[in-house]
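# Structure, please.
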Amino acid sequence: MVKLSQRLGFLVLIIGSGAFIGMLTAPGEWYAALQKPIFNPPNWIFGPVWTVLYGLIAWVGWRVWQRGDSWALQSLWGLQMILNFAWSPVFFGAQQPVLALLVIGGLLFTLVLFIRTAWSLDRLSAVLFIPYMAWVGFASALNLAIVVLN
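Take a look at the predicted model:
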């Protein structure tokens, strides 16, 4: 029962925090006026994708913290959360796509390190982060294209 409540706690905390940051930094007129690349998805897709990804992030976070045997994995998981939650305020809030590109580049690098480190310690956590890494890779390309076009 304790493990279930811990999992639910991670889920509520991560999805709730992501939704809260998303509401605070929702794209507005500034973002609408930017030139965007042809591969820019419709705005409605971001909410469902991030909800699923935050569910995976929470699950992996719970696994990493409940194992408690790898300071490296715990540190990388924590760092990716900081970078993840920083991107929207930097991009949308501060309207700084170049600085946001540095943040998301750091996030992508951290995810690669997490997956590489987890591969031998907790293969399931590594595999669960692959879709997240793929989406952040796509988002990085989108961020870069917005910097170049604007």
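# where in this protein is pLDDT low?
Scanning the chain for pLDDT under 70 picks out the ranges 1-2.
# which residues are contacting the helix ranked longest in the chain?
For the chain, the helix reaching the highest residue count under DSSP state H is reported as helix 97-121. Helix 97-121 is contacted by residues 34, 64, 67, 69-70, 72-73, 76-77, 79-80, 83-84, 86-87, 90-91, 125-126, 129-130, 132-133, 136-137, 139-140, 143-144, 146-147, 150 when judged by Cβ atoms under 8 Å, 6 or more residues apart in numbering. For glycine as for every other residue, the C-beta is placed from the backbone atoms N, C-alpha and C.
# Dihedrals phi and psi, residue 122?
phi -150, psi 80 (degrees, to the nearest 10).
# Repeat that for residue 95.
According to degrees, to the nearest 10, residue 95 has phi 50, psi 50.
# Nearest spatial neighbour of the residue most central in space within the chain, chain-adjacent residues omitted?
Using Cα atoms, centre = their mean, the residue of the chain that lies closest to the mean C-alpha position is residue 84, 4.2 Å off. Counting by Cβ to Cβ, 6 or more residues apart in numbering, the nearest residue to residue 84 once its immediate chain neighbours are dropped is residue 107, at 5.9 Å.
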